[in-house]
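S.K.: structure, please.
(one chain, ligands or ions: 2)
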Amino acid sequence: MRTRIFAHRGASQYAPENTMPAFQLAYEMNADGIETDVQLTKDEIPVLIHDENVRRTTNGTGFVQDYTLNELKQLDAGSWFSSSYTNTSIVTLEKFLQWISSKTLELNIEFKNNVIDYKNLENIVYHMVRDYGVLDRTTFSSFNPRSMERMNKLDPNVNTAFLTTSKVRRLTQFVQSIGCNGLHVKYRVLSTQLAEESDKYGIDLRVFTINRPAQMSRCFKLNCAGIFTDVPDLAMSKRANYPN
Ligand code: G3P
Ligand code: MG
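M.R.: Ligands and ions are numbered 1, 2, ... in the order given. So this is what the prediction gives:
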């Protein structure tokens, strides 16, 4: 299978990350899939946002977990990026699933629970994804290995991936020990040995965040299962040179 191209937080080089315009652009650029980050509001509604604090990507301050959904919806999640996106709002997981369920895009839902380990996050998200009928094209991932263990317990057939930014020994063994079938690594962790080992153990190796052509080429050559990129249009055109 060719290396799959996931739009990282949507086509986030061109539109505010994790918003509907960024997802829509990724779709129009023919990305294979979309990566997004999920957290819970105070009233336990899953919303798509990367940081635990809303400060960087909205006009508000404070933690996602301290806002109700209604309060979060008042925030402007677009104007920090460009005035042409003023009043773009934070997206709920439900709205995203509604939108994507009629398309063939793959999904990577990253649980942002390595700083705040939201109780019920896995449970709520899992059931919503299942109810929208997109479980078989979804991979759940987290930097928190306990979260991935909880997911695998909830449904042993679900696709799960452990995320890491560090080069540690016996990574593939660790991934297997927590029941994941995927490993998502920062580019600096990638090596020929890791790619070969992942292949040998049937682990899907995906790499983030790949915005440079030379890095894309290396991932394609190593036959990685996927890359996460802010520039899916560039990645799609580069991949055309690797027809495997
Ligand atoms: O899921 C890949 C990548 O998104 C992980 O890091 O910080 O961009 O969510 P981050
Ligand atoms: Mg992410």
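
S.K.: please report how far the residue nearest the centre of the chain lies from ligand 1.
M.R.: The residue lying closest to the centre of the chain (C-alpha atoms, centre = their mean) is residue 35, at 3.0 Å. Computed as C-beta to the nearest ligand atom, to the nearest Å, the residue 35 to ligand 1 distance reads 5 Å. C-betas here are computed from N, CA, C, even on glycine.

S.K.: ok, that residue - contacts?
M.R.: Contacts for residue 35 (C-beta atoms under 8 Å, 6 or more residues apart in numbering) come out as 6-9, 108, 110, 208, 228.

S.K.: in three-state terms, label it for me.
M.R.: strand (DSSP: H, G, I helix; E, B strand; the rest coil).

S.K.: so what sits opposite it in the bridge?
M.R.: Beta-bridge pairing for residue 35 (DSSP bridges): residue 8, residue 108.

S.K.: mind checking pLDDT for it?
M.R.: On the pLDDT scale, residue 35 is placed at 99.

S.K.: swap in residue 244?
M.R.: pLDDT at residue 244 comes out at 62.

S.K.: now swap in residue 162 and tell me
M.R.: 98.

S.K.: derive a ChimeraX selection command for the buried subset of the contacts of residue 35.
M.R.: This is the ChimeraX syntax for the buried subset of these, where burial follows 16 or more other C-beta atoms under 10 Å:
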select :6,7,8,9,108,110,208,228
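
S.K.: and the contacts of residue 35 near ligand 2, which?
M.R.: residue 110 (C-beta under 5 Å from the ion).

S.K.: check contacts around residue 229.
M.R.: Shown in contact with residue 229 (C-beta under 8 Å, 6+ apart): 5-8, 209-211, 216, 235.

S.K.: take these and keep only those in helices.
M.R.: 216, 235 (DSSP state H).

S.K.: output the below-cut-off pLDDT ranges for this protein.
M.R.: Residues of the chain that meet the criterion pLDDT under 70 lie in 244.

S.K.: what residue in this structure comes nearest to ligand 1?
M.R.: Taking C-beta to the nearest ligand atom, ligand 1 has its nearest neighbour within the chain at residue 208, 3.9 Å off.

S.K.: quick check: bridge partners of that residue?
M.R.: Counting by DSSP bridges, the residues bridging with residue 208 are residue 186.

S.K.: just checking, it touches residue 189?
M.R.: No: using C-beta atoms under 8 Å, residue 208 is not in contact with residue 189; the gap is 9.9 Å.

S.K.: contact residues of the chain facing ligand 1?
M.R.: Applying C-beta under 6 Å from any ligand atom, one finds that the chain approaches ligand 1 through 8, 35, 37, 50, 110, 141, 163, 184, 208-209, 228.

S.K.: from the residues you listed, pick the one nearest residue 148.
M.R.: Of all the residues of the chain next to ligand 1, residue 148 sits closest to residue 141, with 7.6 Å by C-beta to C-beta.

S.K.: partners of the helix or strand containing that closest one, with directions?
M.R.: Residue 141 is part of strand 138-142 when elements are defined by DSSP states H and E. Here strand 138-142 is paired, per DSSP bridges, with strand 106-111 (parallel), strand 159-164 (parallel).

S.K.: and whichever helix or strand comes after that strand, how far out from the chain middle?
M.R.: Using DSSP H and E, the helix or strand that follows strand 138-142 in sequence is helix 145-154. Taking C-alpha atoms, centre = their mean, to the nearest Å, one finds the center of helix 145-154 at 17 Å from the center of the full chain.
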